[in-house]
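Colleague: quick one: sequence plus predicted model below, questions after.
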Amino acid sequence: MEFAYSDKVAALQHKLEDFMDRHIYLNEAQHAREIETGDRWQPTALMEELKKNARLEGLWNLFLPHSPRGAGLGNLEYAPLCEIMGRAPMASEAFNCSAPDTGNMETLELYGNEEQKEQWLKPLLAGEIRSCFAMTEPAVASSDARNVECRIESDGNDYVINGRKWWSSGMGDPRCKVIILMGKSDPSAPAYRQQSMIVVPRDTAGIKIVKMLHVFGYDDAPHGHAEVIYDNVRVPKSAILLGEGRGFEIAQGRLGPGRIHHCMRAIGVAERALEMAIKRAKSRVAFGQRISEMGVTKAHVADMRMEIDMARLLVLKAAWAMDKFGNKEARQQIAMIKVAVPNITSKVVDRCLQLHGAGGVSQVFKLASMYAHQRTLRLADGPDEVHRDQVGRLEIAKYN
């Protein structure tokens, strides 16, 4: 594995960092004010302007690996760029690189037919619309996707969808125009051939938001996470992705990149938190000395520096394995970072929060939100326990 970034990646890093300095960090407070003082569930004018600027500067759709529709970057090349975006929660959307759109665009690119690509992928790549991924359900343990109960039933030339989903991220955004939904199409088939994925226009009759869910009290407007009922939602049979019973196959292809993007961004979160904590410690005096000069602070900073670098190297190894061997062969490395990175980042942010004192848990700093969302990543795309089981099982199998 080559650890040095190529000239192409180094140039993109410089361009991204420059854009973040000129447009993102300076506008974080303004973006928050626009959400708080206006209609929380409408996109901000600022974000739409940032998207135009990013596209003009060639910092657009950097995530899509090995596709002529993207920037031609592999996962290993994208990793350090995604880390830079992760330093500010609003940044990924400005570059059209935010979840769940990235995963949905990759799904449509890999498994969609030409009609689906023209109708949905094209406007998603242009940043004209947004999307939602509907898999998790409140009535079952969705960490085992075989439990999914939402039905996709054939009826003439259509499929009819009935069920209840939740944690449908992006459903609160009025720009959300398309949903990729996983449901059960054939309960009598073998366990991993019962599920299908289907493309559902957001404005289809029978889709009803029950409520918007909060993440440790944050509603994440205008994006949001919804509980949704699908009541006799009818779509044409051409809406199926890849074919009936191929849901698990698509899920494995989708979740590899989706998981690694979360982990790449998390490294950026940890770096931003550490930077904030050091600046805070250097500016505060207690018991006759700067907090940054205290032995306990230096020990914490040293631990965080080592942990962040270890996490980054693990992510880069997973990205390299995905590029070299494919998502299936890299599944152990992907599972490893899914466990390790959110745990490490949560621990880093927790220490940085502590170094900020009481201010750390307030809305004055970003650390409380950082902690809440990094803790949530230990559940997103499957809980730690599922990925630990996979890592252990694959490791033990090497000795068969």
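Modeller: Happy to help now that I have it.
Colleague: so where's the stretch 51-200 of the chain uncertain?
Modeller: 66 (pLDDT under 70).
Colleague: residue boundaries of the helices in it?
Modeller: Applying DSSP state H, counting those that start in this stretch to the stretch 51-200 of the chain gives helices spanning 75-85, 91-94, 101-111, 114-116, 122-125.
Colleague: let's see the second one as CSV, backbone CA atoms only.
Modeller: Output for helix 91-94, consisting of C-alpha atoms alone and laid out as CSV, is shown next (Å, rounded to 0.1, in the frame of the first residue of the first chain):
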residue,chain,number,x,y,z
ALA,A,91,-19.6,21.0,4.0
SER,A,92,-20.4,17.7,2.4
GLU,A,93,-23.7,19.0,0.9
ALA,A,94,-21.9,22.0,-0.6
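Colleague: which other helices and strands contact that helix?
Modeller: Counting contacts by 3 or more Cβ pairs under 8 Å, 6 or more residues apart in numbering; DSSP states H and E, helix 91-94 is packed against helix 45-56, helix 75-85. (Glycine included, C-beta is placed from N, CA and C.)
Colleague: who are the packing partners of the last one?
Modeller: What that stands for is helix 75-85. Right, helix 75-85 is packed against helix 7-19, helix 91-94, helix 247-283, helix 295-325 by 3+ Cβ pairs under 8 Å, 6+ apart.
Colleague: just how off-centre is that helix within its chain?
Modeller: On the basis of Cα atoms, centre = their mean, to the nearest Å, helix 75-85 is displaced by 13 Å from the centre of the chain it belongs to.
Colleague: what lies in contact with that helix?
Modeller: 5-6, 8-9, 12-13, 16-17, 20, 62-63, 65, 73, 91-92, 95, 97, 257, 260-261, 264-265, 267-268, 271, 312, 315-316, 318-320, 322-323 (Cβ atoms under 8 Å, 6 or more residues apart in numbering).
Colleague: 6 Å instead?
Modeller: 9, 12-13, 16, 62-63, 65, 91-92, 261, 264-265, 267-268, 316, 319-320, 322-323 (Cβ atoms under 6 Å, 6 or more residues apart in numbering).
Colleague: if we can go back for a sec, between the helices and strands packed on helix 91-94, which one is closest to Y371.
Modeller: helix 75-85 (18.5 Å; Cβ to Cβ).
Colleague: what is the burial count for V364?
Modeller: 11 (other Cβ atoms under 10 Å).
Colleague: kindly report the same for E128.
Modeller: 12.
Colleague: distance of it relative to P43?
Modeller: Per Cβ to Cβ, to the nearest Å, E128 is found 12 Å from P43.
Colleague: equivalent analysis for D144, please.
Modeller: 35 Å.
Colleague: which one of the two has more residues nearby?
Modeller: Taking neighbours as other Cβ under 10 Å, D144 and P43 compare with P43 leading, 18 against 11.
Colleague: for the more buried one, what are its contacts?
Modeller: P43 touches P222, counting by Cβ under 6 Å, 6+ apart.
Colleague: let me know the secondary structure of it.
Modeller: Under DSSP: H, G, I helix; E, B strand; the rest coil, P43 falls in the coil class.
Colleague: where does it land on pLDDT?
Modeller: With respect to pLDDT, P43 scores 94.
Colleague: gap between it and E34?
Modeller: Distance from P43 to E34, by Cβ to Cβ: 9 Å.
Colleague: overlap in contacts of these two?
Modeller: Contacts common to P43 and E34, judged by Cβ under 6 Å, 6+ apart, are absent.
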